[in-house]
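1. Quick one, fold the following:
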Amino acid sequence: MNKLGRVSSKGQVVIPAELREKLKITRTVLIREEGGKIIMEPWVSMEEAFGSGGKEMIDAAMEISRDRRREVESERP
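-> As a prediction, this is how the structure comes out:
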C-alpha cells in the first residue's frame with residue numbers, strides 16, 4: 001500500500017490514518033536511513049508491550065546486562 005504523507009515546516013511527518021490503523025501505530029515509530037531511503041517501522045516499548053509489568057521487565061533486563069558485563073570483565077586476563 002502506498003500513501004502520501006506530509007512533512008511540516010518543523011519536520012513533522014503525518015502518517016495517513018489508514019496506514020496507522022493497519023500497522024497498529026499508536027505512538028512511536030523507529031526511523032532509520034537505509035540506502036538513501038527513510039524507513040519507518042512501528043515500535044512498541046517494553047512498557048507498552050508488557051503493560052503494568054513493563055518497568056519490572058526493563059529493570060530485570062538491565063540487571064541481567066550488568067551481571068553479564070561483570071562476568072565478561074572478570075574473565076579478562
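2. only C-alpha atoms for contact and neighbour calcs from this point on.
-> Will do.
3. Report the buried residues of the longest helix along the chain.
-> If you go by DSSP state H, the chain has its longest helix at helix 54-75. Neighbour-count burial for helix 54-75, counted by 16 or more other CA atoms under 10 Å, picks out Met57.
4. Using CSV, write down the CA coordinates of it.
-> C-alpha atoms of helix 54-75 as CSV (Å, rounded to 0.1, in the frame of the first residue of the first chain):
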residue,chain,number,x,y,z
GLY,A,54,7.0,-3.1,31.8
LYS,A,55,9.1,-1.3,34.3
GLU,A,56,9.9,-4.5,36.1
MET,A,57,10.9,-6.1,32.7
ILE,A,58,13.2,-3.2,31.9
ASP,A,59,14.8,-3.4,35.4
ALA,A,60,15.3,-7.2,35.0
ALA,A,61,16.9,-6.8,31.6
MET,A,62,19.2,-4.1,32.9
GLU,A,63,20.3,-6.3,35.8
ILE,A,64,20.9,-9.2,33.5
SER,A,65,23.0,-6.9,31.3
ARG,A,66,25.0,-5.7,34.3
ASP,A,67,25.6,-9.2,35.6
ARG,A,68,26.8,-10.3,32.1
ARG,A,69,29.1,-7.3,31.9
ARG,A,70,30.7,-8.2,35.3
GLU,A,71,31.1,-11.8,34.1
VAL,A,72,32.9,-10.8,31.0
GLU,A,73,35.2,-8.3,32.8
SER,A,74,36.1,-11.0,35.4
GLU,A,75,37.1,-13.4,32.7
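5. where does Ile31 land in three-state SS?
-> strand (DSSP: H, G, I helix; E, B strand; the rest coil).
6. Please report how far it lies from Pro16.
-> 16 Å (CA to CA, to the nearest Å).
7. who touches the spatially most central residue of the chain in this structure?
-> For the chain, the residue nearest the mean C-alpha position is Trp43 (3.8 Å; CA atoms, centre = their mean). Trp43 makes contact with 25, 28-30, according to CA atoms under 8 Å, 6 or more residues apart in numbering.
8. Just the buried residues out of these, in PyMOL syntax.
-> Burial among the contacts of Trp43 is assessed by 16+ other CA under 10 Å; the matching PyMOL selection reads:
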select buried, resi 25
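9. can you list the contacts of Trp43 in JSON lines and add distance to Ser8 and pLDDT?
-> Shown next, in JSON lines, are the contacts of Trp43 (distance: CA to CA, whole Å; pLDDT from 0 to 100):
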{"residue": "Ile25", "distance to Ser8": "20", "pLDDT": "86"}
{"residue": "Thr28", "distance to Ser8": "18", "pLDDT": "84"}
{"residue": "Val29", "distance to Ser8": "17", "pLDDT": "89"}
{"residue": "Leu30", "distance to Ser8": "19", "pLDDT": "89"}
